[in-house]
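Enquirer: my questions concern the predicted model and sequence given below.
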Amino acid sequence: MLMQSIYRRLGAALLGAAALLAAAPAAVQAQDLAPNAMIEKVTQDVLGEIRSNRGVQAGNIAAATEAVDRVVMPHINFPRMTAAAVGPAWRSASPEQRQQVIAEFKAMLIRTYAGSLDQVGDLQVVVLPMRAQADANDVLVRSEVRGGEQPIQLDYRLQKTPGQGMGWKVYNVNVMGAWIVDSYRSQFQQEISAGGIEGLIKSLRNHNRKTS
């Protein structure tokens, strides 16, 4: 169970967050890659950061948070992921409410999963061969996390974004058969049913304050 929890957190850490909200653009625009090549590169960048960053290795949350925000976040379509997690209520949310949900959800994911980065440095993520049309705009990239007793399924849904990031952005991750966005949707629906979008924002904000 411990290893499964670590794998789930690795998946979410790799899911990361938003090019549209990235704090600072890279000095040099990254070259567009094939979707499986993009996943492989980002994965290796994450694992390389873990293995070389002493702060992350020591379990320093601030260092891990900075690493996730810098290495992972630019490769995720976080607005799309957030909208999918919120569900139908997203359509009636105001632009300001949407931005608040995005910001708090992003902060929650970073804080939740950054603390587990020091536990995954010895794992290996193998990207599997993929099949997709050359002109596909939405693809599934499958991979396996190895290093435990059995390989663990870790799949990514990506949207084509020419000229942004590496040409693709992740918007969902499947860890051992469970899509992360779907898991959060069930949690969010409880908060929305009880207090609407404002109730969800308040719940996320309170959670982030407690874990900051």
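Expert: That came in fine, so what should we check first? Source: prediction; values computed, not measured.

Enquirer: contacts, neighbours, all on C-alpha from now
Expert: Fine.

Enquirer: residue 199: what's it in contact with?
Expert: By Cα atoms under 8 Å, 6 or more residues apart in numbering, the contact list for residue 199 reads 191-192.

Enquirer: ok, so what distance separates it from residue 136?
Expert: Per Cα to Cα, to the nearest Å, residue 199 is found 38 Å from residue 136.

Enquirer: do the same with residue 207
Expert: For residue 207, the distance to residue 136 equals 38 Å [Cα to Cα].

Enquirer: again, but for residue 60
Expert: The gap separating residue 60 from residue 136 is 40 Å, by Cα to Cα.

Enquirer: between the two, tell me which one has more neighbours.
Expert: Taking other Cα atoms under 10 Å, residue 60 and residue 136 do not tie; residue 60 has more neighbours (15 against 9).

Enquirer: now do the residue lying closest to residue 90 once chain neighbours are set aside: how many residues are near it, please.
Expert: In this structure, residue 90 finds its nearest non-sequential neighbour in residue 83, 5.9 Å apart by Cα to Cα, 6 or more residues apart in numbering. Residue crowding around residue 83 was assessed by other Cα under 10 Å; the count is 18.

Enquirer: quick check on residue 83: phi, psi?
Expert: Backbone torsions of residue 83, given as degrees, to the nearest 10, read phi -60, psi -40.

Enquirer: hmm, it is touching residue 95, no?
Expert: No: between residue 83 and residue 95 there is no contact under Cα atoms under 8 Å: 11.9 Å.

Enquirer: quick one: secondary structure of residue 133?
Expert: Assigned with DSSP: H, G, I helix; E, B strand; the rest coil, residue 133 falls in the coil class.

Enquirer: residue 81 versus that one, what's the distance?
Expert: Distance, residue 133 to residue 81, by Cα to Cα: 23 Å.

Enquirer: who has more neighbours, these two?
Expert: Neighbour totals were compared for residue 133 and residue 81, and residue 81 leads with 21 against 8 (other Cα under 10 Å).
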